[in-house]
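Enquirer: Let me see the structure of the following:
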Amino acid sequence: MYMTLSMMMFTKSHILYLYLGITFVSLACKYQPVHSSSAAKSCSSIAQNPDTFKLKLIKDGVFNMAVSRKLGTFASQKDTKAHSLLYLSLLLLANASDVEVNPGPRTPKYPCQICNRAVTWKQHGVACDDCQQWYHADCMHMSTPIYMALNNISWHCVNCGMPNFSSSLFESFVVDTANSFSSLDESDGNSSVLTSNSNTASCSSSPGPPQSCSSPASKIRAKKPAANMKILTVNFQSVKNKKEDLANLIDSSQPTIIIGNETWLNSSVYNSEIFPPNYDVIRKDRSDGYGGVLLAISKELIYDHVDINVDAAAECVFAKVSMAKNQTLIVGAAYRPPNNDAQYLDSLCSGIEAVSRQFKNAAVWIGGDINLPDINWATLTIEGNQYPYSINARFLELLQNCGLQQMVMFPTRGETILDLFLTNRPSLVNKCAPLPGLGDHDIVYTESCTVPQRSKPVKRKIYLWKQANICDMKRNCLTFQLQFTSTYDVNSCVHKMWIDIQTALINILDNGVPSKMSSTRINQPWITSKVKRLTRQKKRSFVKARKTRKSKDFERYRQLKKTTRSACKSAYSEYINNIISPDSTANPKRFWGFINSKKCDNSGVSPLKASNGVTYSDSATKANMLNSQFSSVFNKNEDKSSIKDKGPSPYPPMEPIVVSCEGIRKLLSDLGIHKASGPDEVPPRLLKELSNELAPVLSIFFQASINQGILPEEWKKANVVPTMVSIVTS
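Expert: A predicted model of the protein is given here:
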């Protein structure tokens, strides 16, 4: 019955009418329940001809019999309730045939005017006071403070808030002229279009689009909006012991910047042991192995470390991030241990104030665990007495002096707000919400609509040699060999020969070997689907526990958090065991690659001192200084006449060099397939795979190059990369 009704496209109310009508008929007539097949047939016949069914009821006198009780069965029983049920059932059956013409999908009752999706109570939405149209707060990039401030304030959308610029506004400024004009060619059939016989130019109407054009209008592709910056403020409580959880957190949230507190690190722990290679880490460790702060910044961003003259004991680090339109963003991490040391807090506040004074026009983001539960952040008043009044007052004075606003309005540990996020541009913060923490503190997740300057990631073309068609490549190379040997000899132009060789090799490579571009996203290979599933369950239980505030929900969240951490450690241990297993001798490159990546840090090029004694740390200046240094040690268009003539050589002349085809074949077959290609972009593996076919071609080319004393111009170029060899200390 369900399938038949669904094909007829009934709505829920229609199906309910039909079901109730058939049931009431069964009860009224004291019959057995109707079977689904017969009920479906009855419903379909009623739905197809509802008016005919009503006329038939009237014609047969069913209504009259039901009302006047002339039906023998009912008259004998004299059951008024049965008559009522029958009458009601007939009405339901007669009115249940209103089939919906277009049953769905339903149009949202309150659609968002930007994304066209429904605005529900579960989301932040705003309605225009003029047109009564709804908008998602996230679609308009409206921050949480601004949304909360609209409680008792009138709000107008962009369409209603802007003036209506009609065409009459611009047409009212058209200047009339008495000069008449006509086309130069009066014989043109279209001259009437260009001729004005009146003394007034007909400018009262819009000219409209041209009658013809040489090319169709190009479609303008909508520009993809820039991704929002994601900032995580995390209290680690020993990040070394939670590196698996941290890797899982980074893989699931993909943050742009991580502000860390209580790292519990020392100089013996490298950044590469904890963070993935796509993050640069600036950190400040405490001498006793506790405390400590760090900033993990994505390598896509362009940033510089900011040195502030502050007390060495103050745990804070800062970085300057380059933003779009030459704007600057200052990001900082700060930590105050839970003690009554007012001098320490004063040093910390002095460092933040020094940064604000140095970068007056910059946006400031500072996050960290400040441990000030006595302050009511909604009213900025001191209500508790856990710490001295002077400590709380000094921090509130810092906010007033620097124009900072605290964005975290939810508890981050128990029922208190300990982890803070300070900014002087609150309108740039779209979202500030909690995430499941790595320790006993929840993570503060902040999202901003600011657009930073991102260094364009360098993508490499990766050839998939396991899927290569070697036979076709050899066949194509043999064809090229026959063509080349019949066209060139040792007296031909070296440059032209090299261009043909390079072009042919690149074509063979592209046609015979599939390729893909390297991804800029760093994925953790040990994170399995089980770990991801547990992570999602943990996050859902965390949200539910914070919403219900029930002890059983918090207990379930803690249990899932423990299970997820155990799964992360197990998956990571299994991944490491597979690398260092006895089978690693078959692929030692993977083993040593993993070891070398963990024992060194890539901190980039250190600050360089110029010839004038000034030290520069920005990337552009350092690149220009290195380029000038490398260029100064190479000769540029040296005059050969300046070379001294030392007379005839005392050594006997060298015999002519003869390049043999067999020698070229042997050299090509001994090439290392894992070596990098040069500026010509010809991989060594291609030369090795085609050594037999390329040997005659390259023997002619090398012999011509030696005889003529000419090298291709591309062979004179090289990629020079500065490499840190050792650090010289004074």
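Enquirer: how long is stretch 519-528 from one end to the other?
Expert: 19 Å (C-alpha to C-alpha, to the nearest Å).
Enquirer: Show residues contacting that stretch.
Expert: The contact list for stretch 519-528, computed with C-beta atoms under 8 Å, 6 or more residues apart in numbering, reads 247-248, 250-251, 254, 276-278, 300, 457, 459, 568, 571-572, 574-575. Any C-beta I mention is one placed from the backbone N, CA and C, and that applies to glycine too.
Enquirer: Please repeat the previous calculation with a cut-off of 10 Å.
Expert: Contact partners of stretch 519-528, identified using C-beta atoms under 10 Å, 6 or more residues apart in numbering, comprise 244, 247-248, 250-252, 254, 276-279, 298-300, 456-459, 462, 531, 534-535, 567-568, 570-576, 578-579.
Enquirer: try stretch 121-137
Expert: Contacts of stretch 121-137 (C-beta under 10 Å, 6+ apart): 108-115, 117-120, 138-140, 142-144, 146-148, 150, 153-161, 430-431.
Enquirer: got the buried residues for that stretch?
Expert: By 16 or more other C-beta atoms under 10 Å, the buried positions in stretch 121-137 come out as 124, 125, 126, 128, 133, 134, 135, 136, 137.
Enquirer: Endpoints of that stretch, how far apart?
Expert: With C-alpha to C-alpha as the measure, the ends of stretch 121-137 fall 12 Å from one another.
Enquirer: just to revisit the earlier point, inside strands: which ones of the buried residues of stretch 121-137?
Expert: 125, 126, 134, 135, 136 (DSSP state E).
Enquirer: which parts of stretch 380-398 are buried?
Expert: For stretch 380-398, by 16+ other C-beta under 10 Å, it's 382, 387, 391, 392, 395, 396, 398.
Enquirer: no wait, stretch 673-688
Expert: For stretch 673-688, by 16+ other C-beta under 10 Å, it's 683, 684, 685, 686, 687, 688.
Enquirer: got it, and stretch 559-573?
Expert: In stretch 559-573, counting by 16+ other C-beta under 10 Å, buried: 560, 561, 564, 565, 567, 568, 571, 572.
Enquirer: Read off the pLDDT value for the first one.
Expert: I take that to be residue 560. Note for residue 560: predicted pLDDT of 94.
Enquirer: Tell me if I'm right that it and residue 540 touch.
Expert: Yes - with contacts counted by C-beta atoms under 10 Å, residue 560 reaches residue 540, the gap being 8.9 Å.
Enquirer: shared neighbours of the two, anything?
Expert: Overlap of the contact sets of residue 560 and residue 540 (by C-beta under 10 Å, 6+ apart) consists of residue 436.
Enquirer: Inside strands: which ones of the buried residues of stretch 380-398?
Expert: Per DSSP E, the buried residues of stretch 380-398 map to strands at residue 382.
Enquirer: Just flag the most distant two among the buried residues of stretch 380-398.
Expert: Spanning the widest gap among those are 387 and 398, at 15.0 Å by C-beta to C-beta.
Enquirer: quick one: low-confidence parts of the stretch 601-730 of the chain?
Expert: 601-606, 617, 635-638, 720-730 (pLDDT under 70).
Enquirer: need the strands for it, in chain order.
Expert: Shown for the stretch 601-730 of the chain, the strands assigned by DSSP state E, counting those that start in this stretch span residues 608-609, 615-616.
Enquirer: List the contacts of the first one.
Expert: The reference is to strand 608-609. By C-beta under 10 Å, 6+ apart, strand 608-609 touches 614, 615, 616, 617, 621, 622, 623, 624, 625, 626, 629.
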